[in-house]
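1. coordinates only, sequence not included:
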């Protein structure tokens, strides 16, 4: 691409000679936030895994729901590595 002598200018200014008159907040509007995640606690998958894990750790469902391992399970959304470490993502 041939250098037209315009360095560090916006593309619109460089191509048309007119200054960029767009909305300056559009760049930041897309940069904020992230993917909206659905709640995991209470879903069918969570209840199914909770039942399996409660049986594995010889607990009732009520004890399992109150345990710190269930909190970790809900946070990482995986049954792997509950005692130490975690799921490698």
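-> Alright, I've got the coordinates. Everything quoted here is computed from the prediction, not taken from an experiment. Numbering: from 1, shown residues only.

2. for the longest helix along the chain, packing partners?
-> Ranked by residue count and defined by DSSP state H, the top helix of the chain is helix 44-56. In terms of contacts (3 or more Cβ pairs under 8 Å, 6 or more residues apart in numbering; DSSP states H and E), helix 44-56 is packed against helix 61-66, helix 68-76. Heads up, the C-betas are built off the backbone N, CA and C, glycines and all.

3. and of these, who's closest to residue 45?
-> helix 68-76 (11.1 Å; Cβ to Cβ).

4. helices or strands up against that closest one?
-> helix 44-56.

5. which positions in the helix it packs on come out as buried?
-> Buried residues in helix 44-56, counted by 16 or more other Cβ atoms under 10 Å: 46, 49-50, 53-54.

6. about what we covered before: just name the most buried of the helices and strands packed on helix 44-56.
-> helix 68-76 (a mean of 15; mean count of other Cβ atoms under 10 Å).
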